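A.B. asks: Here is a sequence with its predicted model. Questions after.
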Amino acid sequence: MAKQKLGLANVETLPVYPFNVPDHADLRWVSIPEDKKSIGVDQIRELINELNLTSYEGRGKVAIIESAHAMTVNAANSLLKTLEEPPGDALIVLVADRVAGLPATVFSRCQRINFRRPAAAESLAWLDRFQPGTNWPKPLETAGGAPLEDLKALERLSDTHSMSKEIAYLAERRATPQPLEDEPRFILGPTGCNRQRCRASFSKVCKLLAHRIGVRETL
């Protein structure tokens, strides 16, 4: 929909995972910041200001609000007038996998488009292309039949396994202490936190522990 609005090439090509945000001067993509749990009012206000500017290519502007259900109350309220009267020829798309999280005042101003959850056979065939031989049925069932959530769960399990190995190295005194510039702010963030931030912070914790217990052996 956004590609067609902006006149981007390969409109008929289906998106692939992991999805890359198209690079276009008239496209604005809003999502939850890596260090936050919600979309804040400042993000929405900045978006509104951008939408009120003249289109660079004359086709109008497109705004995608990913995880719109995660907007704070103030953020959602600040969007109401723009949803009711979009500036110029703007297209505003709210993506939400938990519709109950959207305020009724926002929901009533939008045209709802439902996407069905794929059948189990379709999901399993799609997942098997990413990692052939993986036992997908049980994880897919745990993820509620949602293949993307299944992939994320597998990535989290992989991270957990790697972190467990790092802790085992510390316990066996097989780690090398390294000086730290500062103390880690947290060990593990929320489930949906950025994987690289979690791993970087966890590595700091491992180095701190190694430094304090005086480990000298190398890996």
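C.D. replies: Thanks, I have the structure now. Numbers count the residues shown, from 1 in each chain.

A.B. asks: contacts, neighbours, all on C-alpha from now
C.D. replies: Fine.

A.B. asks: Quick check, residue 61 in contact with residue 90.
C.D. replies: Yes. Between residue 61 and residue 90 there is a contact under C-alpha atoms under 8 Å: 4.7 Å.

A.B. asks: And these two? Which one has more around it.
C.D. replies: residue 61 (28 against 21; other C-alpha atoms under 10 Å).

A.B. asks: State the distance from the more buried one to residue 147.
C.D. replies: Distance from residue 61 to residue 147, counting by C-alpha to C-alpha, to the nearest Å: 31 Å.

A.B. asks: can you check residue 127 too?
C.D. replies: Counting by C-alpha to C-alpha, the gap from residue 127 to residue 147 is 7 Å.

A.B. asks: what's the helix with the most length in the chain packed up against?
C.D. replies: Ranked by number of residues, the top helix in the chain under DSSP state H is helix 147-171. Under the contact criterion of 3 or more C-alpha pairs under 8 Å, 6 or more residues apart in numbering; DSSP states H and E, helix 147-171 touches helix 120-130, helix 137-142, helix 195-213.

A.B. asks: and the angle for that helix with helix 120-130?
C.D. replies: Taking axes from the mean of the first three to the mean of the last three C-alpha atoms, to 10 degrees, one finds helix 147-171 and helix 120-130 inclined to each other by 50 degrees.

A.B. asks: Pull the distance from helix 147-171 to the chain's centre.
C.D. replies: When distances are taken as C-alpha atoms, centre = their mean, to the nearest Å, helix 147-171 is centred 18 Å away from the chain's centroid.

A.B. asks: Just the buried positions in that helix, please.
C.D. replies: Neighbour-count burial for helix 147-171 flags 147, 150, 151, 153, 159, 163, 166, 167, 169, 170 (criterion: 16 or more other C-alpha atoms under 10 Å).

A.B. asks: Check pLDDT for the residues you listed and point me to the minimum.
C.D. replies: Lowest pLDDT among the buried residues of helix 147-171: residue 170, with 65.

A.B. asks: the domain parsing of the chain - what is it?
C.D. replies: The chain breaks down by automatic domain parsing into domains covering 2-107, 120-213.

A.B. asks: For residue 114, find the nearest of those.
C.D. replies: Checking the domains of the chain against residue 114 by C-alpha to C-alpha gives domain 2-107 as the closest, at 9.9 Å.

A.B. asks: May I have the distance across the closest one, first residue to last?
C.D. replies: So domain 2-107: terminal residues 20 Å apart, C-alpha to C-alpha.

A.B. asks: Centre of the chain to that domain, how far?
C.D. replies: Using C-alpha atoms, centre = their mean, the offset of domain 2-107 from its chain centre is 14 Å.

A.B. asks: Could you give the average pLDDT over it?
C.D. replies: 89.

A.B. asks: ok, now stretch 123-131?
C.D. replies: 86.

A.B. asks: can you count the residues close to residue 105?
C.D. replies: 12.

A.B. asks: Need the three-state assignment for it.
C.D. replies: Taken by DSSP: H, G, I helix; E, B strand; the rest coil, the conformation at residue 105 corresponds to helix.

A.B. asks: and it, what does it touch?
C.D. replies: Counting by C-alpha atoms under 8 Å, 6 or more residues apart in numbering, residue 105 makes contact with residue 80.

A.B. asks: Next: residue 56.
C.D. replies: Counting by C-alpha under 8 Å, 6+ apart, residue 56 touches 25, 26.

A.B. asks: export the buried residues of helix 147-171 to JSON lines and tack on distance to residue 34?
C.D. replies: Supplementary listing: the buried residues of helix 147-171 in JSON lines, determined by distance: C-alpha to C-alpha, whole Å:
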{"residue": "147", "distance to residue 34": "22"}
{"residue": "150", "distance to residue 34": "20"}
{"residue": "151", "distance to residue 34": "19"}
{"residue": "153", "distance to residue 34": "18"}
{"residue": "159", "distance to residue 34": "17"}
{"residue": "163", "distance to residue 34": "20"}
{"residue": "166", "distance to residue 34": "24"}
{"residue": "167", "distance to residue 34": "25"}
{"residue": "169", "distance to residue 34": "29"}
{"residue": "170", "distance to residue 34": "29"}
